[in-house]
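Chemist: Would you be able to build a 3D model of this:
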Amino acid sequence: MNSERLERIRAAMAEERLDALWVSGAVDDVYGRHSQNRFYASGFTGSTGIALVTRDRAIIAVDSRYTEQASRECPEFETWEFRGRMSEWVPKLIRDADLCGARIGVSAADITAGAFERLLRALDELPWGLRPSAGLASPIIEKLRAKKDAADLALLQAAVAIGDAAFEEVEARLAPGMTERQVADDIEAAIRRLGGQGVSFDTIVAGGAWSAQPHATPRSEPLQEGEPIVIDMGALAHGYCSGLTRTTRLGRLSPALRAIYEVVFEAQQTAIERVEPGMTGAAAHELAAAVIRAAGHEEHFGHGLGHGVGLEVHEKPALGATSEDILEEGMVFTIEPGIYVPGLGGVRIEDVVVLEAGKARVLSHARKLSPSGV
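Modeler: From the prediction side, this is the model:
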């Protein structure tokens, strides 16, 4: 968290004519995986708390478990300790924050319907003339998160580099007889050994015909020579996620699968080379889809081209056939076309890119097979 980010939040609030933004967490987030908006706004990593940003103040409201942690993690924020029921402490917080009669936007993705109702009832404890109005805000934080700043990019690149290194380490050890589950476990161990917090999502390892399922679950089935092996993985480091998919093999692939790999490789390279700011997510998707369609595999490419990645492994923007998201400078997203033929197998290749100076710069550099090497 830094003061520049806080000012961007305030500028977005001003556009919405809000006096304050209330960012909580939808669950008691003991694993730190469901409160990314609160973390982005404040830097707070505890399980429970509210980041309250006003026009001229920033408050992190926590219970007694987290007062010391919040003071350490959120230097730009005032730490405010709450106790008891919301009906008791919310009115006091509103008074202390000078928000009587103010217009408060509540981050909709970070509060349950029940918690929102309790918040409204707690505000009703204030005298009529002092009650602020509170309503669900537009996705202010999510929109800001879509465009990465220098700090975001540095941490993202670190997560990507760990994922790259883990893949190359494990791929070099692949051998007939290893099971998909063993490979997935090796990837997670390698990520942790290389400095990551763990995986950013459950690792996919799928060999042979099983790889025709884009989100296949690793089995206790041994890998075989001559079959495709799709590995879809990601590292979590410093709160940021990476995503990486490579299709590899033991020995040589069959002619049919080599031809499919060539098409997917071409589709991905075309999209990387031609994607640019100002495009919709649908137009970006079409760059790769057109290549796959021309090769006669339209029905075998059923998912979107990619998605944003950052504090979450899936965030804005979406790149898919129906996406109206506009791609902008500073956005980070995946480019991951695939072809999946039931009974035969699948191929997917994924890299993370950032839009800079009007084009995509690739952040992931794990080795991939060239069309001539499959």
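
Chemist: Identify the residues contacting the longest helix anywhere in the chain?
Modeler: Longest helix in the chain, counting residues (DSSP state H): helix 150-171. Here helix 150-171 makes contact (CB atoms under 8 Å, 6 or more residues apart in numbering) with 2, 148, 183, 186-187, 190-191, 194-196, 200, 231, 233-244, 246, 248, 309-310, 332, 352, 354, 363-367. In this view, the C-beta of every residue, glycine as well, is placed from N, C-alpha and C.

Chemist: now stretch 291-302
Modeler: The contact list for stretch 291-302 (CB under 8 Å, 6+ apart) reads 214, 260, 263-264, 266-267, 270, 288-289, 337-341.

Chemist: Save those residues as CSV, and put in secondary structure, neighbour count and distance to Y40 too.
Modeler: Rendered in CSV, the data for the contacts of stretch 291-302 read as follows (DSSP: H, G, I helix; E, B strand; the rest coil; neighbours: other CB atoms under 10 Å; distance: CB to CB, whole Å):
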residue, secondary structure, neighbour count, distance to Y40
P214, coil, 18, 29
I260, helix, 27, 39
V263, helix, 22, 38
V264, helix, 25, 34
E266, helix, 17, 37
A267, helix, 28, 33
T270, helix, 17, 33
A288, helix, 29, 30
A289, helix, 21, 32
P337, coil, 29, 29
G338, strand, 28, 30
I339, strand, 27, 36
Y340, strand, 22, 34
V341, strand, 17, 40
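
Chemist: still on that earlier bit, output the longest helix of the chain as PDB, restricted to C-alpha atoms.
Modeler: Extracted in PDB, the C-alpha atoms of helix 150-171 (Å, rounded to 0.1, in the frame of the first residue of the first chain):
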ATOM      1  CA  ALA A 150       5.000  -0.600 -10.700                       C
ATOM      2  CA  ALA A 151       4.700  -2.300  -7.300                       C
ATOM      3  CA  ASP A 152       2.100  -4.700  -8.600                       C
ATOM      4  CA  LEU A 153       4.200  -5.600 -11.600                       C
ATOM      5  CA  ALA A 154       7.300  -6.200  -9.500                       C
ATOM      6  CA  LEU A 155       5.500  -8.600  -7.200                       C
ATOM      7  CA  LEU A 156       3.700 -10.300 -10.100                       C
ATOM      8  CA  GLN A 157       6.900 -10.800 -11.900                       C
ATOM      9  CA  ALA A 158       8.400 -12.400  -8.800                       C
ATOM     10  CA  ALA A 159       5.400 -14.900  -8.600                       C
ATOM     11  CA  VAL A 160       5.700 -15.600 -12.300                       C
ATOM     12  CA  ALA A 161       9.500 -16.300 -12.000                       C
ATOM     13  CA  ILE A 162       8.900 -18.800  -9.200                       C
ATOM     14  CA  GLY A 163       6.300 -20.600 -11.300                       C
ATOM     15  CA  ASP A 164       8.600 -20.600 -14.300                       C
ATOM     16  CA  ALA A 165      11.400 -22.100 -12.300                       C
ATOM     17  CA  ALA A 166       9.200 -24.700 -10.600                       C
ATOM     18  CA  PHE A 167       7.800 -25.900 -13.900                       C
ATOM     19  CA  GLU A 168      11.200 -26.300 -15.500                       C
ATOM     20  CA  GLU A 169      12.600 -28.100 -12.500                       C
ATOM     21  CA  VAL A 170       9.800 -30.600 -12.400                       C
ATOM     22  CA  GLU A 171       9.500 -31.000 -16.200                       C
END
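
Chemist: Could I get the buried residue list for it?
Modeler: Using 16 or more other CB atoms under 10 Å as the test for burial, helix 150-171 gives 152-153, 155-167, 169-171.

Chemist: What segments of the stretch 1-150 of the chain are strands?
Modeler: Applying DSSP state E, counting those that start in this stretch to the stretch 1-150 of the chain gives strands spanning 20-23, 50-54, 58-62, 78-81, 103-107, 133-137.

Chemist: Can you list the helices and strands that the last one packs against?
Modeler: Read it as strand 133-137. strand 103-107, helix 113-123 (3 or more CB pairs under 8 Å, 6 or more residues apart in numbering; DSSP states H and E).

Chemist: got the contact list for the longest one?
Modeler: Taking contacts as CB under 8 Å, 6+ apart, the residues outside helix 113-123 that touch it are 22, 24, 26, 85-87, 90-91, 94, 106, 111, 131-132, 134, 136.

Chemist: Repeat that for the shortest one.
Modeler: Residues from elsewhere that reach strand 103-107, judged by CB under 8 Å, 6+ apart: 13, 16-24, 37, 116, 119, 132-141.

Chemist: What remains of those if I keep only buried residues?
Modeler: Here, 16+ other CB under 10 Å leaves 13, 18-24, 37, 116, 119, 132, 134, 137, 139-141 buried among these.

Chemist: what pLDDT does M1 get?
Modeler: Looking at M1, its pLDDT stands at 60.

Chemist: of the contacts of helix 150-171, buried ones?
Modeler: Buried residues within the contacts of helix 150-171, counting neighbours by 16+ other CB under 10 Å: 148, 183, 186-187, 190-191, 194, 196, 200, 231, 233-237, 239-244, 246, 248, 309-310, 332, 352, 354, 363-364, 366.

Chemist: picking up where we left off before, what's the closest of the contacts of helix 113-123 to G373?
Modeler: Proximity of these to G373 was ranked by CB to CB; the top entry is A26 with 46.0 Å.

Chemist: How much space separates the closest one from A283?
Modeler: Between A26 and A283 the computed distance is 33 Å (CB to CB, to the nearest Å).

Chemist: Could you do A11 as well?
Modeler: Look at A11 and A283: by CB to CB, they are 28 Å apart.

Chemist: and what of P342?
Modeler: To A283, P342 is 29 Å away according to CB to CB.

Chemist: more neighbours, these two?
Modeler: A283 (16 against 10; other CB atoms under 10 Å).
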